[in-house]
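>>> Next comes the sequence, and after it the predicted model I'd like to discuss.
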Amino acid sequence: MARDAPKSRGMKSLLSPPRTAIVLARLLERLNASRQPVDAHQYQGVAARLAALLSDPEVDWQPLLADSPAAAALYENLHYGEAGLCRTPLDAAMRAELQARQAIAAARAAAAPGTPSDAEDRP
């Protein structure tokens, strides 16, 4: 008997995402990208079925979430209470905030000289 053999009894290995979840994630992506109006009941049904699957803690969802922004957003919303917006790219959010600040500053600078700006309206 080998003394250095790893003990596997306490170890937990995560399962791969089921094929159904992959198909539902792809369908949700297609519904999100559709240029045609999408039936709300169909969309809710797909999202609800995928949400039910995403609630399984025994599955390693990371590969699916990396491949499907729609599934990642749904997963993030399901786990918002525990993790907040953990899957939202921080760099993109920071760039968007910086661009918004620059746009606001440019709009204020472009205001006509005789027009009061937000800064002048403040006490």
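Structure received.
>>> and Arg26, what does it touch?
For Arg26, the contact set (C-beta atoms under 8 Å, 6 or more residues apart in numbering) comprises Ser68. All C-beta atoms are positioned from the backbone trio N, CA, C, and that covers glycine.
>>> give me the element it is part of.
helix 19-33 (DSSP states H and E).
>>> avg pLDDT for that helix?
The average of the pLDDT scores along helix 19-33 is 95.
>>> Just after it, pick out the following helix or strand.
Elements were assigned by DSSP H and E; along the chain past helix 19-33, the next helix or strand is helix 40-54.
>>> Could I get the average pLDDT for the lengthiest helix in the chain?
In the chain, ranked by residue count with DSSP state H as the criterion, the top helix is helix 90-109. Helix 90-109 shows a mean pLDDT of 83.
>>> Dump that helix to PDB, keeping only the CA atoms.
C-alpha atoms of helix 90-109 as PDB (Å, rounded to 0.1, in the frame of the first residue of the first chain):
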ATOM      1  CA  LEU A  90     -13.900  46.500 -13.600                       C
ATOM      2  CA  ASP A  91     -11.700  48.100 -16.300                       C
ATOM      3  CA  ALA A  92     -14.700  48.500 -18.700                       C
ATOM      4  CA  ALA A  93     -16.800  50.100 -15.900                       C
ATOM      5  CA  MET A  94     -13.900  52.500 -15.000                       C
ATOM      6  CA  ARG A  95     -13.400  53.500 -18.600                       C
ATOM      7  CA  ALA A  96     -17.100  54.200 -19.100                       C
ATOM      8  CA  GLU A  97     -17.200  56.300 -16.000                       C
ATOM      9  CA  LEU A  98     -14.100  58.300 -17.100                       C
ATOM     10  CA  GLN A  99     -15.600  58.800 -20.600                       C
ATOM     11  CA  ALA A 100     -18.900  60.000 -19.000                       C
ATOM     12  CA  ARG A 101     -17.000  62.500 -16.800                       C
ATOM     13  CA  GLN A 102     -15.000  63.800 -19.800                       C
ATOM     14  CA  ALA A 103     -18.200  64.200 -21.800                       C
ATOM     15  CA  ILE A 104     -19.900  66.100 -19.000                       C
ATOM     16  CA  ALA A 105     -16.800  68.300 -18.600                       C
ATOM     17  CA  ALA A 106     -16.700  69.000 -22.400                       C
ATOM     18  CA  ALA A 107     -20.400  69.800 -22.400                       C
ATOM     19  CA  ARG A 108     -20.000  72.300 -19.500                       C
ATOM     20  CA  ALA A 109     -17.000  73.900 -21.300                       C
END
